[in-house]
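Enquirer: Okay, predicted coordinates and the sequence, questions at the end:
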Amino acid sequence: MVGLSVGEKHFIQGGIAQDLRSDGRKRLTYRPIYVETGVIPQAHGSARVRLGATDVIASVKAELGKPSALQPDKGNIAIYVDCSPTAAPMFEGRGGEELSTELSVALQRCLLGGKSGAGAGIDPTSLVVVEGKVCWDLYIDGLVISSDGNLLDALAAAIKAALSNTGIPKVNVAADATSDEQPEVNISDEEFLQFDTSGIPVIVTLTKVGRHYIVDATSEEESQMSSAVSISVNRKGHICGLTKRGGVGLDPSIILDMISVAKHVSEQLINKLDSEIAAAEASEEES
Amino acid sequence: MRGLQLPLSQTQRIRLQRALEKLQSLSCKANSDASVTVADTIPVNYEDAFLKGHGTTDLNGDLVATVCGVVERINKLVYVRALRARYKPEVGDIVVGRVVEVSQKRWRLEINFSLDAILMLSSMNMPDGIQRRRTALDELNMRGIFEENDVVCAEVRNFQHDGSLQLQARSQKYGKLEKGQLLIVDPYLVKKSKQHFHHLEQFGIDLVLGRNGFIWVGEHVEARDSMVVDQANSSEQSMVPEEKNKTHTPLEMRQNICRIANAVRVLSTLGFSIDADLILETVELSSTVKIDIHDMLGSEFHVLVAEREAERRSLVGKRKR
């Protein structure tokens, strides 16, 4: 991240105060989102999302495994994010690890719900094959290729697109399984089950600069932030997760205001994202 | 097409392709044989003695290019000049750089070159305007002139014997750039011209086209007359930053700055050479089409600019004939 001179910082802060950012956007406008699906053929589902200069890829792989003893009717889902050293100079070597863990944890909180699996955006009960014995393990991996701010929103959008693109193979269970043995399973190569992604939330990150909040900050604007709150909202308008970054404390009334702004912005974002994902899948089928 | 990352609809894609094909057909045909991509064989007469220069290699007895670019031949030297390389400085170029380090009697600037450029304290006009030897006190007050991360405009003075670059900022028009934004484009898009400083009167905006690809768009600042800096004024100046916090750039000027900056971004995405006339035409086009400042970065405007440029060049070509 190159530094900014005092004059440039002042210009950015002035722009945000006057509702006209450096690239002409208003405070609550997103950059154009560009979605491509099916970029990794070996994975069961994948997507690439570009938000301005921010570029991320998400991939979904499914493997058969055993459900945990505490929740025999639910599959396992793991989310992990990696920041590639090519994304920004500060990610060289092991510099990106801290950010990767922070992003992974935030996404897990928003998409996977609590320890008991309640309130998850992705329904884990749809992943079970034979209750108590066999279930699907989903591994969702995110890779940050280029970083220009607002990584969390881009990753959440990429995961949503990748899950819409995911096809889990149909499994035929051998009928004569006794209760103690592992049942035989036949993984079909032909038939696939599509995932239901209407319940998956999107993440809206509100960055506070001065007295105003902006949505979808570039890395220059993020360097000026006092704090940032990432709110995960689903289609019904329910909050699925909340993360706050930044050292400056916030008054509770500001947080409530940010939540209502995020709900308002998320409606447009969900619709835009759904239409982009549909367009991407359509063009993938053509090619 | 340069792998544009724009969500183009089907019709937009066709229109853009047509415009780019038209531009390609209008471009100079003489040099089309000279452009090569990686692993293309370079047509050379192997009986003549020739020297293999940069960007070439010997593969199975053939001379093959290792970069994408244009083949240049100078006497017996054959080399490939890459197009999207780092900035190649020439003496007298105007560049815009960012201060990376303040060292003994010099500032080190980053200008998108393979090494950092050096701006000596003696190559910089003193704030009081008097030509004198730089004392130790001047050296200690260097940060008062330029600090780290400041954006500075200067001219290339010469090359050192170790290859590094020396800059000078002796005229009033060079110096610190504030109240605006810095845009970074590929260096090959900014061609050498008579004027690199443009004062756009109708907008009240300064546009500095640095040949290293750093372009500055900001509020117009009058050429600094000799500022008298002494103890009394320095306390006044320390109050000025707080005042500045209250006096932001006025909204209309900010809109003009953003419009011009977006015009530069559009031209850089499309790969067109950037000069002041083209920028002004693009800004006019955006106001005639009544497009929102942010929508200038959308696919429709990119397609419009490409079509406009294709038309303009074909008209110029017809006029020549």
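Expert: Good, I have the coordinates. Please read all numbers here as calculations on a predicted model, not as lab measurements.

Enquirer: Identify the residues contacting residue 62.
Expert: With no chain named, the answer covers chain A. A:His44, A:Trp136, A:Asp137, A:Leu138, A:Tyr139, A:Thr166, A:Ile168, A:Pro169 (C-beta atoms under 8 Å, 6 or more residues apart in numbering or on different chains). (Each C-beta comes from the backbone N, C-alpha and C, glycine too.)

Enquirer: Can you look at chain B instead?
Expert: B:Thr41.

Enquirer: 10 Å instead, please
Expert: B:Asp40, B:Thr41, B:Ile42, B:Val44, B:Tyr46 (C-beta atoms under 10 Å, 6 or more residues apart in numbering or on different chains).

Enquirer: now it: how far from B:Val264?
Expert: Computed as C-beta to C-beta, to the nearest Å, the B:Asp62 to B:Val264 distance reads 41 Å.

Enquirer: A:Thr197 now?
Expert: 39 Å.

Enquirer: Out of the helices and strands in chain B, which is least certain?
Expert: helix B:231-246 (a mean of 43; mean pLDDT, DSSP states H and E).

Enquirer: Tell me which residue is most central in the chain.
Expert: No chain was given, so I picked chain A. A:Ala156 (1.5 Å; C-alpha atoms, centre = their mean).

Enquirer: try again with chain B
Expert: Closest-to-mean residue, chain B, C-alpha atoms, centre = their mean: B:Gly213 / 2.4 Å.

Enquirer: Nearest to chain B among the contacts of A:Ala62?
Expert: A:Thr166 (22.5 Å; C-beta to the nearest C-beta).

Enquirer: circling back to that earlier point, how about the contacts of A:Ala62, which pair is most distant?
Expert: A:Tyr139 and A:Pro169 (15.0 Å; C-beta to C-beta).

Enquirer: Quick one, grab the pLDDT at A:Ala278.
Expert: What the model reports as pLDDT for A:Ala278 is 89.

Enquirer: B:Arg224 too?
Expert: 56.

Enquirer: got it, and the one 4 residues further on?
Expert: Residue-level confidence at B:Val228 comes out at 38, pLDDT.

Enquirer: Show me the shaky parts of the stretch 1-150 of chain B.
Expert: For the stretch 1-150 of chain B, the stretches with pLDDT under 70 are B:1-5, B:28-33.

Enquirer: Close to chain A: what parts of it are there?
Expert: When proximity is defined as C-beta under 10 Å from any C-beta of the partner chain, the stretch 1-150 of chain B approaches chain A at B:5-10, B:98-100, B:110, B:146-150.

Enquirer: now the helix or strand harbouring the residue nearest to the centre of chain A: mean pLDDT?
Expert: A:Ala156 is part of helix A:151-165 when elements are defined by DSSP states H and E. Helix A:151-165 carries an average pLDDT of 92.

Enquirer: if we can go back for a sec, run a quick check on the residue nearest to the centre of chain B versus B:Ile184, I expect a contact.
Expert: Yes: counting by C-beta atoms under 10 Å, B:Gly213 touches B:Ile184, with 6.1 Å between them.

Enquirer: list the residues that contact both of these two?
Expert: B:Val96, B:Asn112, B:Ser268.

Enquirer: State the number of residues packed around the first one.
Expert: Read it as B:Val96. Each residue near B:Val96 was counted by other C-beta atoms under 10 Å in any protein chain shown, and the total is 26.

Enquirer: Run a quick check on the residue nearest to the centre of chain A versus A:Ile140, I expect a contact.
Expert: No: contact criterion C-beta under 10 Å: A:Ala156 and A:Ile140 do not qualify, at 11.0 Å.

Enquirer: joint contacts of these two?
Expert: Common neighbours of A:Ala156 and A:Ile140 (C-beta under 10 Å, 6+ apart) are A:Ala58, A:Leu107, A:Leu111.

Enquirer: need the residues of the stretch 101-250 of chain A near chain B, please.
Expert: Counting by C-beta under 10 Å from any C-beta, the stretch 101-250 of chain A sits next to chain B at A:Gly210, A:Glu220.

Enquirer: run the last query once more with 7 Å
Expert: Counting by C-beta under 7 Å from any C-beta of the partner chain, no residue of the stretch 101-250 of chain A lies close to chain B.

Enquirer: Which residue, other than its chain neighbours, is closest to the residue nearest to the centre of chain B?
Expert: Nearest non-adjacent residue to B:Gly213, counting by C-beta to C-beta, 6 or more residues apart in numbering or on different chains: B:Pro187, 3.9 Å away.

Enquirer: Phi first, then psi, for that neighbour.
Expert: phi -60, psi -30 (degrees, to the nearest 10).

Enquirer: can you pull the contacts of B:Asn262?
Expert: Contacts for B:Asn262 were tallied using C-beta atoms under 7 Å, 6 or more residues apart in numbering or on different chains; they are A:Asp23, A:Gly24, B:Ile293, B:Met296, B:Leu297.

Enquirer: With B:Phe203 instead?
Expert: When contacts are taken as C-beta under 7 Å, 6+ apart, B:Phe203 is in contact with B:Asn256.

Enquirer: what kind of secondary structure is it in?
Expert: Three-state call for B:Phe203 (DSSP: H, G, I helix; E, B strand; the rest coil): coil.

Enquirer: cool, and B:Thr57?
Expert: strand.

Enquirer: Equivalent analysis for A:Gly247, please.
Expert: coil.

Enquirer: Local confidence estimate at the residue nearest to it when sequence neighbours are not counted?
Expert: In space, and not counting its chain neighbours, A:Gly247 is closest to A:Ser227: 7.3 Å by C-beta to C-beta, 6+ apart. pLDDT recorded at A:Ser227 is 92.

Enquirer: and after the helix or strand hosting B:Leu20, which helix or strand comes next?
Expert: For B:Leu20, the enclosing helix or strand under DSSP H and E is helix B:10-26. For helix B:10-26, the following helix or strand on the C-terminal side (DSSP H and E) is strand B:35-36.
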